[in-house]
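J.: Just need the structure, nothing else, for what follows:
(one chain, ligands or ions: 1)
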Amino acid sequence: MKQIKVEGGHRLSGTITISGAKNGALALIPASILADEPVRISNIPNISDIDAINEILQYLGAKVSRKEDYMEIDASKIVNKEIPQSISTKLRASYYFMAALLGKYKKVEMFFPGGCSIGARPIDQTLKAFEILGAKVIEDHNKYTITADQLIGGNIYLDMPSVGATINAMLVAVKAEGSTIIQNAAKEPEIVSVATFLNNMGAKITGAGTSTIKIEGVTHLHGCFTEVIPDRIEAGTYLLAGALMGEQLTIQNMIPKHIESLINKLIEMGYSPIIKSDSITISALEHKKPVHIKTLGYPGFATDLQQPITVLLTQCQGESILEETLYENRFKHVPYLQKMGANIAIEGQKMIINGPSKLMGAEVEATDLRAGACMVLAALTAEGITTISSIEHVLRGYENIIEKLKSVGAKIELEEI
Ligand code: EPZ
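T.: Predicted coordinates for the structure are as follows:
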């Protein structure tokens, strides 16, 4: 088991370089099996979720070579066999294989996916999309057997703009016969990235990044190259570290547009970040105005930044309100922030945060990935030593987090216990 020990209160200055997007790479890797020839993906982050998704690729018999941040995947000779529960539950993104295998072989057998425990996270919209495209879904004790005699394009209206369902619908529709329209599609940059990758393979997808995506099915997808986009949630997390403790902290190799909703909230609080085409520089601010935030699908405020920004709201002067609209159980960081001295009340899906509160070091836990990022930010801000347990959750999604924070002045160590 691993834990992180942080001595808080140190200023952060210098430059942090953002890695490839976890949630981008985790969709591109399963998508690669649709190609009949090798594909190459660069800017893959070195995080444990990538190891978990690679385990599925290798289990299916794909040839994978990974050097530095490159991966070459040759899925031309994979075997379409049941993906066991022991590996499908390691992460949420395992269910992109459900769609990619169905699209490629018209049959897939696998279990309900895993992922952070932040809510029920049903997959009904993905299954609905499969059925509209001609598949038959049988569920038995969490195991899904999905088959199709023929996959035929159709009109898919998603009940909510789900990232996973939008990507899964695209992965099946690219090889279905005829045209598919996905309406009320999610608009996240990771969706545009998957569509670009599939188009580079020869797919015909238009409209990705808007709420209506059109796909003309093709019979063959060829080899190609793509690059993972920068991780907007990692960038947002370090931007928040800069807002809390920065002295001219620069976050580089990022796309500011991808976190516009966060930047606007920082400006509302009174910050003046210096925004360039691929970097943002920010310094801490003594008096910050409280704000109201509601999580929404892109381009709204990202739910994945809701837990990290809670720390900053504890430092604003007055009452802030933070509403989580996507997940019913994404407040697990709150008791630990309260233990550190934060004044937070929970009312349904809203947090009422009264600040500023002096945060003091404590023993806390990373209950999930972004709760862990929140704990790291709180620890950097607090007076004294904070120990964060269950840090494996954080290492799933933040490449070299210890080294990156140390390089800008944080006193942070990873310990084996
Ligand atoms: C992706 O999850 C991300 N995961 C999540 O990142 C992120 O929080 C989420 O998108 C929203 O941005 C990956 O990309 C691997 P959704 P996903 O389908 O695709 C409901 C992180 O910390 N819904 O867009 O699973 C669902 O319950 C993580 O990196 C249904 O009801 O999210 C949620 O309330 C955690 N039925 C909302 O829609 C469905 O069939 C959005 O979920 C699908 C979703």
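J.: Which helix or strand contains Ala52?
T.: Assigned by DSSP states H and E, Ala52 belongs to helix 48-59.
J.: now for that helix, which elements pack on it?
T.: helix 22-31, strand 63-67, helix 85-88 (3 or more C-beta pairs under 8 Å, 6 or more residues apart in numbering; DSSP states H and E). Backbone N, C-alpha and C define where each C-beta goes, glycine included.
J.: of those, which approaches the ligand most closely?
T.: When the helices and strands packed on helix 48-59 are compared by C-beta to the nearest ligand atom, helix 22-31 sits nearest the ligand, at 3.4 Å.
J.: Report the mean per-residue pLDDT for the closest one.
T.: Regarding helix 22-31, the rounded mean pLDDT is 98.
J.: Give me the buried positions along the helix or strand following that helix.
T.: Sequence-wise, the next helix or strand downstream of helix 22-31 (DSSP H and E) is strand 39-42. Across strand 39-42, burial judged by 16 or more other C-beta atoms under 10 Å covers 39, 41.
J.: Pull the distance from strand 39-42 to the chain's centre.
T.: Between the centre of strand 39-42 and the centre of its chain there are 20 Å (C-alpha atoms, centre = their mean, to the nearest Å).
J.: pLDDT wise, what is Ile321 at?
T.: Predicted confidence (pLDDT) for Ile321: 98.
J.: can you check Asn142 too?
T.: Among the per-residue scores, Asn142 holds a pLDDT of 88.
J.: try Ala203
T.: pLDDT recorded at Ala203 is 98.
J.: Not including adjacent chain positions, what is the nearest residue to Lys2?
T.: Of all residues not flanking Lys2 in the chain, Ile391 sits nearest, at 4.8 Å (C-beta to C-beta, 6 or more residues apart in numbering).
J.: just to revisit the earlier point, TSV please, covering the helices and strands packed on helix 48-59 and showing mean neighbour count and distance to Gln252.
T.: TSV is the format used below for those (neighbours: other C-beta atoms under 10 Å; distance: least, C-beta to C-beta, whole Å):
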stretch	mean neighbour count	distance to Gln252
helix 22-31	27	18
strand 63-67	12	24
helix 85-88	17	35
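J.: Output the ones you listed in TSV; the columns should cover distance to the ligand.
T.: Output for those, formatted as TSV (distance: least, C-beta to the nearest ligand atom, whole Å):
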stretch	distance to the ligand
helix 22-31	3
strand 63-67	19
helix 85-88	13
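J.: how about the strands in the stretch 251-400 of the chain?
T.: Assigned by DSSP state E, counting those that start in this stretch, the strands in the stretch 251-400 of the chain fall at 274-275, 279-282, 292-294, 318-323, 343-347, 350-355, 363-365, 385-389.
J.: How many residues are close by the nearest residue in space to Leu221 that is not next to it in sequence?
T.: Excluding the flanking residues, the one nearest Leu221 by C-beta to C-beta, 6+ apart is Met201, at 4.0 Å. As a burial measure, Met201 scores 22 neighbours (other C-beta atoms under 10 Å).
J.: Now for Met201: which residues touch it?
T.: In this structure, Met201 makes contact with 34-35, 39, 221-224, judged by C-beta atoms under 8 Å, 6 or more residues apart in numbering.
J.: Show me what from the protein comes close to the ligand.
T.: Residues of the chain lying near the ligand by C-beta under 6 Å from any ligand atom: 23, 26, 92-93, 116, 119, 121-126, 160, 162-165, 186, 303-304, 326-327, 369-370, 397.
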